[in-house]
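# No letters, just coordinates:
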């Protein structure tokens with residue numbers, strides 16, 4: 001089972017771009033894992049409000065939300081999105097429910113059965129959020145694949161959260177901008193080489209996405225694997241494409257595919273998401289089968 005820790009919120013697009021869409025990078029990852037056929041269980045927190053109930057209803061029947069908590073005080077998260085030349089610009093509304101996800105006894109017990117534990121950085125920026133996540137990652141089954149999708153905001157300086165997340169990660173996924181941020185924030189001349197050297201006694205996979213230029217997978221050993229991008233249909237946006245890519249990469253790896261096949265499926269799925277508006281589209285069974293086909 002895939003366990004995903006982090007923010008559940010609403011992406012507030014302009015009305016002419018479709019209006020509110022379900023989002024939050026970890027939620028997007030859970031969505032696409034489940035859509036591909038995996039059993040994805042989200043650990044997050046929403047407010048006791050209309051937006052929270054709408055979010056849970058949207059996920060119902062696809063993602064397991066039994067570990068999503070309801071906050072009696074804080075509102076459900078939201079991000080205002082402006083599209084500039086087709087690229088999203090985000091304004092995060094602070095002080096929301098997802099910022100204090102709790103590692104309850106129920107969460108700890110569930111994580112002992114985890115096959116994969118996926119997390120980002122955003123919900124660990126506060127001391128409260130970091131402490132809860134640290135309890136969770138230590139509760140996760142020792143043999144679980146631990147996956148870190150950095151999802152750094154521009155100018156993010158949360159070095160404490162980044163360092164803690166990297167300490168436990170077996171697989172790290174970044175984009176080109178985030179590689180540059182790690183160079184500046186962590187003081188690394190070559191972030192990819194530094195990440196691969198931080199082995200904790202065992203090798204680590206590093207993945208860097210390049211947008212329309214594809215992606216590079218640095219395996220446990222051997223040469224880097226270059227994955228070509230797949231052109232997206234016009235009319236969509238890039239919101240959630242990286243999350244979709246990660247979801248399908250992990251899905252393929254845990255299905256027994258090699259990294260090349262997993263990366264190609266991830267690239268196809270990300271392009272399908274880029275061809276529509278919003279991060280959490282629904283694909284019918286035939287489309288899913290086509291996207292998952294291993295050549």
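Thanks, I have the structure now. Keep in mind it's a predicted model, so treat the numbers as computed, not measured.
# Make sure residue 206 is indeed in a helix.
No: per DSSP: H, G, I helix; E, B strand; the rest coil, residue 206 lies outside any helix segment and is strand.
# Could you give the number of residues near it?
Residue 206: 22 surrounding residues under other C-beta atoms under 10 Å. (Each C-beta comes from the backbone N, C-alpha and C, glycine too.)
# so what's it up against?
For residue 206, the contacting residues are 171-174, 192, 195-196, 217-218, by C-beta atoms under 8 Å, 6 or more residues apart in numbering.
# export these to JSON lines and tack on pLDDT and distance to residue 276?
Formatted as JSON lines, those follow (pLDDT from 0 to 100; distance: C-beta to C-beta, whole Å):
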{"residue": "171", "pLDDT": "96", "distance to residue 276": "27"}
{"residue": "172", "pLDDT": "96", "distance to residue 276": "28"}
{"residue": "173", "pLDDT": "97", "distance to residue 276": "22"}
{"residue": "174", "pLDDT": "96", "distance to residue 276": "24"}
{"residue": "192", "pLDDT": "92", "distance to residue 276": "31"}
{"residue": "195", "pLDDT": "89", "distance to residue 276": "32"}
{"residue": "196", "pLDDT": "86", "distance to residue 276": "34"}
{"residue": "217", "pLDDT": "98", "distance to residue 276": "25"}
{"residue": "218", "pLDDT": "96", "distance to residue 276": "30"}
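# In helices, which of the residues you listed fall?
192, 195-196 (DSSP state H).
# Now flag whichever of those is closest to residue 125.
Using C-beta to C-beta, residue 195 is the member of those that lies nearest residue 125, at 20.3 Å.
# how about the nearest residue to that closest one, chain neighbours excluded?
Ranked by C-beta to C-beta, 6 or more residues apart in numbering and with sequence neighbours excluded, the top spatial neighbour of residue 195 is residue 206, at 4.9 Å.
# Where does pLDDT dip in the stretch 151-295 of the chain?
155-157, 199-203, 295 (pLDDT under 70).
# how about the helices of it, start to end?
For the stretch 151-295 of the chain, the helices defined by DSSP state H, counting those that start in this stretch cover 159-168, 176-186, 191-197, 241-254, 259-274, 285-292.
# Serialize the ones you listed to a markdown table and add fields for mean neighbour count and distance to residue 148.
Formatted as a markdown table, those follow (neighbours: other C-beta atoms under 10 Å; distance: least, C-beta to C-beta, whole Å):
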| stretch | mean neighbour count | distance to residue 148 |
| --- | --- | --- |
| helix 159-168 | 17 | 5 |
| helix 176-186 | 17 | 11 |
| helix 191-197 | 17 | 10 |
| helix 241-254 | 26 | 10 |
| helix 259-274 | 23 | 16 |
| helix 285-292 | 13 | 24 |
